[in-house]
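1. Below: sequence and its predicted model.
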Amino acid sequence: MTETAPPSAPAVPQFDVVVVGAGMAGLYAVHHFRELGFSVVALEQGAGVGGTWFWNRYPGCRCDVPSLEYSFGFSEELEQEWEWTEVFPSQPEIERYLNHVADRFDLRRDIRLETKVVGATYDEAAQVWTVATEAGDPITGRFLVMASGNLSVPQTPELPGRETFAGPVLYTSMWPRDGVDLSGQRVALIGTGSSGVQSTPELADMAAHLTVFQRTPTYTWPSYNGPLDPEVQRRTKEHYRELRAGQRTNPGGVTGSTGAIILQTAEDRRILEVGEEERLAVLEELRWNASRVWFDALTNPEANELACELYREMVRRTVDDPEVAESLSPRGFPIGCKRPVIDTHYFETFNRDDVTLVDLRKGGIEAIDAGGIRTAQGYFEADVLVLATGFDAMTGALTRIDLRGRDGRLLRDVWAEGPRTNLGLQVAGFPNLFTVTGPGSPSVLANMVVCIEQHIEWIGECLTRMRDRGQTEVETTVEAQDAWVDHVNAVAAPTMMTASSCNSWYLGANIPGKPRVFLPYVGGLNQYIERAEAVVADDYAGFVFA
Ligand code: NAP
């Protein structure tokens, strides 16, 4: 543990609430806390608002939650006036929407852009957070609300010689704002998660040649995107209140009432009870979805492996070259252990003459030099390097800054064995700190917008109660935090997500040295909301006020 003497803070802070981030969570936080009568400022490292949708502007970037549901529900006027154009919104459309929100609710006057937060320290005597930024003087607030995102800190892998590469090195998660002209260029893409899979067909269209470096093949399912039917939009707008209520009673925060097909869910079919002939008949009928409809595959490894084989058969039927098809076929980890990847013609892209797959399992990357990438299986020339290598998910934005609570204790040290929170909202030893969609909350396993609104509203209610009672400090007890962590682990244990063969970012397995702990709450958003509301109804049981 690192200890430093906390700087003394003024007894009266500059703001009631300092919010870190001006993505979806930060924008709503500014609006909501302001409406409740609190003074608020949001500090945002980007040059614009939008968070995820400001930074991830790579070709093909798109949300896989339907636009009519991936939108704020706090304002009926906003719901009625905004017109979505596609079933699943693209990055430019979501960024436009969030800029509209910032303007419509006059949020920009309380947002400081290009203000990167590097640390924050709690002064126990003054009950004030002092927030340090790269931009200048520290900023003080009674409460600190971390709205800094779950997938906001890019993972920058060690790739020997990367600095010697002559051309541009682009991260999908930090794509240049003005775009990049890739025509005539030989592009090397490293990473085949959601970002890599989404960008592959688009990069193939733009570049002279695309070489995809794949370390682990991915289970992906087709996107059912298309233009949004105006009639569906009109009907949804008529019934938005029911839809919003329905989102909060749904495990994933999505009602499906707009008719958009997101992902086939398990049906009442059991793969262990049917013979090969019937399995292949289901494959003919449901194509890729034939790997997702089996109820027993959710928990039974043998059933899951049979579903995986149906998936691999689908890859073989789609990809012309049998060797490439085999390389693209996931093996050794179950369907359902990682975040499902949604694609548009991903596998078909590998039938193009101007696209090459490099299966790193046959020989990994040895070095990068000025002209390309050397692997154990040969040298691949490239003019542009694209890294779709993921994020230090869920905890990175909290542990990679100097966040110090009681006795100057650093959150990074307190979480050395993995994060511990109460409801994903508060951490023992860090009074007046709130984490929006923090570890231990449904967040990445549900519709993020619904999760964000629910968290901000929970925090707002708590702060209002404190103001009414003249209280200035709130902190979870260690006992309540321990009980919540036990519950989070208990609901995750029987799922495929914690299988020992699974190396997902849900488990922190993508970051060298990160403890293997299942990070989100898999019990369902509806169950989570019930529990969070029960805490409030029980006079904030498990939280101590001063
Ligand atoms: P990711 O799922 O973590 O994928 C990272 C990829 O980079 C993996 O294929 C990984 O291989 C590879 N990689 C990492 N380091 C490497 C190295 N040193 N050498 C070779 N390969 C390396 O990250 P992501 O694709 O950015 O997606 C993260 C999450 O963001 C998603 O799961 C999703 O929640 C969200 N997202 C959603 C959408 C959407 O469709 N709505 C789009 C983009 C992102 P290994 O698997 O072998 O580690």
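-> Structure received. Numbering: from 1, shown residues only.

2. What count of nearby residues applies to Glu457?
-> Glu457 has 15 neighbours, counted by other Cβ atoms under 10 Å. To be clear about C-beta, it is placed using only N, CA and C from the backbone, and glycine gets the same treatment.

3. Actually, Thr472.
-> Residues near Thr472, counting by other Cβ under 10 Å, number 16.

4. any idea how far it is from Ala126?
-> Distance of Thr472 to Ala126, given as Cβ to Cβ, to the nearest Å: 10 Å.

5. for Gln264, same thing?
-> 54 Å.

6. pLDDT value on the residue lying closest to Arg412 once chain neighbours are set aside, please?
-> In this structure, Arg412 finds its nearest non-sequential neighbour in Thr399, 4.3 Å apart by Cβ to Cβ, 6 or more residues apart in numbering. At Thr399, the model reports a pLDDT of 98.

7. what's Thr399 in contact with, if anything?
-> Listed by Cβ atoms under 8 Å, 6 or more residues apart in numbering, the contact partners of Thr399 are 392, 411-412, 415.

8. Let me have the residues you listed in a markdown table, adding pLDDT, neighbour count and secondary structure as columns.
-> A markdown table is the format used below for the contacts of Thr399 (pLDDT from 0 to 100; neighbours: other Cβ atoms under 10 Å; DSSP: H, G, I helix; E, B strand; the rest coil):
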| residue | pLDDT | neighbour count | secondary structure |
| --- | --- | --- | --- |
| Asp392 | 98 | 21 | coil |
| Leu411 | 98 | 23 | helix |
| Arg412 | 98 | 17 | helix |
| Trp415 | 98 | 19 | coil |
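
9. Just send these back as CSV, with distance to the ligand too.
-> CSV is the format used below for the contacts of Thr399 (distance: Cβ to the nearest ligand atom, whole Å):
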residue, distance to the ligand
Asp392, 10
Leu411, 23
Arg412, 21
Trp415, 20
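
10. Quickly check those for the two that are furthest apart.
-> Maximum pairwise distance among these (Cβ to Cβ): 13.8 Å, between Asp392 and Leu411.

11. Identify the bridge partners of the closest residue to Asn422 other than its chain neighbours.
-> Nearest residue to Asn422, sequence neighbours excluded (Cβ to Cβ, 6+ apart): Thr476, at 3.8 Å. Thr476 has these beta-bridge partners by DSSP bridges: Phe543.

12. For the ligand, what is the nearest residue in the stretch 151-300 of the chain?
-> Gly193 (2.2 Å; Cβ to the nearest ligand atom).

13. list the contacts for that residue?
-> Here Gly193 is in contact with 218, 339, 341, 388, 390 (Cβ under 8 Å, 6+ apart).

14. ok, the first one - contacts?
-> With contact set as Cβ under 8 Å, 6+ apart, Thr218 has these partners: 192-193, 197, 330, 338, 341.

15. Could you check which helix or strand contains the closest residue to Ala102 other than its chain neighbours?
-> Nearest residue to Ala102, sequence neighbours excluded (Cβ to Cβ, 6+ apart): Val49, at 4.9 Å. Val49 is part of no helix or strand, with elements assigned from DSSP states H and E.

16. In contact with Val49, which residues?
-> Contacts of Val49 (Cβ under 8 Å, 6+ apart): 22-23, 26-27, 98-99, 102, 107-108, 111, 113.

17. Tell me which two of those residues sit farthest apart.
-> Farthest pair in the contacts of Val49, by Cβ to Cβ: Gly23 and Arg108, 14.2 Å.

18. Could you chop the protein up by domain?
-> Residue ranges for the domains of the chain, per automatic domain parsing: 2-57+111-153+393-545, 162-226+261-387.

19. follow-up on the earlier one: keep only those of the contacts of Val49 that are in strands.
-> Among the contacts of Val49, the members found in strands (DSSP state E) are Ile111.

20. tell me, which of the contacts of Val49 make contact with the ligand?
-> By Cβ under 6 Å from any ligand atom, no member of these lies near the ligand.

21. Closest to Ala382 out of the contacts of Val49?
-> The shortest gap between Ala382 and any of the contacts of Val49 belongs to Gly23, at 32.0 Å (Cβ to Cβ).

22. The closest one touches Gln45, doesn't it?
-> No: at 10.6 Å, Gly23 does not count as touching Gln45 under the criterion of Cβ atoms under 8 Å.

23. Show me which of those two is the more surrounded one.
-> Under the neighbour definition other Cβ under 10 Å, Gly23 and Gln45 were set side by side, and Gly23 has more, 26 against 22.

24. Need phi/psi at that one.
-> Torsion angles at Gly23 (phi, psi; degrees, to the nearest 10) stand at phi -90, psi -160.

25. circling back to that earlier point, in TSV, list the contacts of Thr399 along with distance to Leu159.
-> Listed next are the contacts of Thr399 as TSV, based on distance: Cβ to Cβ, whole Å:
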residue	distance to Leu159
Asp392	17
Leu411	29
Arg412	25
Trp415	27
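
26. Let me know how buried the residue nearest to Ala204 when sequence neighbours are not counted is, in neighbour terms.
-> Distances taken as Cβ to Cβ, 6+ apart place Leu210 nearest to Ala204, at 4.6 Å, with adjacent residues excluded. As a burial measure, Leu210 scores 29 neighbours (other Cβ under 10 Å).
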